[in-house]
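Peer 1: Predicted model, plus sequence, below.
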Amino acid sequence: MKWNKIISDKIFQSTTSLVQTISKWKESKDKIVFTNGCFDILHLGHIDYLTKAADLGNRLIIGVNTDYSVSKIKGPSRPIIEESTRLAKLASFAFVDAVILFGEKTPIELIKSLGPDVLVKGGDYSLQTIVGADFIKNSGGEVVVIPFLDGHSSTNYINNIKQS
């Protein structure tokens, strides 16, 4: 699907092009924040988490699991929303600067390629379980866990829909 320029300019098709953009941002002394996830059914918990992540720097980049990898992580009935729509929804937020798909089991190669200043994950992780945390810390960066907003998860919403 063809999105308007505001959205399409934030959706990166290759790591190489995103790395080039990040280089420009870093020349301007921007602090780069990275997070990743499925973002299948976008809800208030995601918005809370992402805005708090954006507040940790000047540029927020989101790695988004491909449909295939979501299915491997969450099971065969997921994702509910296809990857192109998930990318566009995230790119439509003013506080998001870039989104990119990744299909690997973890985003470690993407994290190493992008070299963000801050790596952020949600409250279901600890500093010890965040993929890429050691790499970021060894590079002089920061790793942050943002607590969940109680009562908001895609699984809860899906279960509520199934029960109604």
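Peer 2: Done, it's in. Numbers count the residues shown, from 1 in each chain.

Peer 1: C-alpha only now, for contacts and for neighbours.
Peer 2: Noted.

Peer 1: partners of residue 35 in the sheet?
Peer 2: Beta bridges link residue 35 to residue 62, judged by DSSP bridges.

Peer 1: Report pLDDT for it.
Peer 2: On pLDDT, residue 35 comes in at 98.

Peer 1: The one 5 residues further on now?
Peer 2: Confidence per residue is given as pLDDT, and for residue 40 that number is 89.

Peer 1: quick one: residue 86 and residue 40, what's the gap?
Peer 2: Plainly put, residue 86 is 7 Å away from residue 40 if you go by CA to CA, to the nearest Å.

Peer 1: next one: residue 63
Peer 2: Going from residue 63 to residue 40 by CA to CA gives 13 Å.

Peer 1: Repeat that for residue 13.
Peer 2: For residue 13, the distance to residue 40 (CA to CA) stands at 19 Å.

Peer 1: More neighbours: those two, which one.
Peer 2: residue 40 (21 against 13; other CA atoms under 10 Å).

Peer 1: Just list the residues touching that one, thanks.
Peer 2: Residues near residue 40 by CA atoms under 8 Å, 6 or more residues apart in numbering: 79, 80, 81, 82, 86, 154.

Peer 1: can you list those residues in JSON lines and add distance to residue 132?
Peer 2: JSON lines is the format used below for the contacts of residue 40 (distance: CA to CA, whole Å):
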{"residue": "79", "distance to residue 132": "24"}
{"residue": "80", "distance to residue 132": "27"}
{"residue": "81", "distance to residue 132": "27"}
{"residue": "82", "distance to residue 132": "26"}
{"residue": "86", "distance to residue 132": "23"}
{"residue": "154", "distance to residue 132": "24"}
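
Peer 1: Adding pLDDT, distance to residue 3 and secondary structure, write these out as CSV.
Peer 2: Output for the contacts of residue 40, formatted as CSV (pLDDT from 0 to 100; distance: CA to CA, whole Å; DSSP: H, G, I helix; E, B strand; the rest coil):
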residue, pLDDT, distance to residue 3, secondary structure
79, 91, 21, coil
80, 91, 20, coil
81, 93, 17, coil
82, 96, 15, coil
86, 97, 12, helix
154, 66, 25, helix
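
Peer 1: Max pairwise distance over these: which two?
Peer 2: In the contacts of residue 40, two members sit farther apart than any others by CA to CA. They are 82 and 154, at 14.4 Å.

Peer 1: Of these two, give the one with the bigger neighbour count.
Peer 2: More crowded of residue 82 and residue 154, by other CA under 10 Å: residue 154, with 18 against 14.
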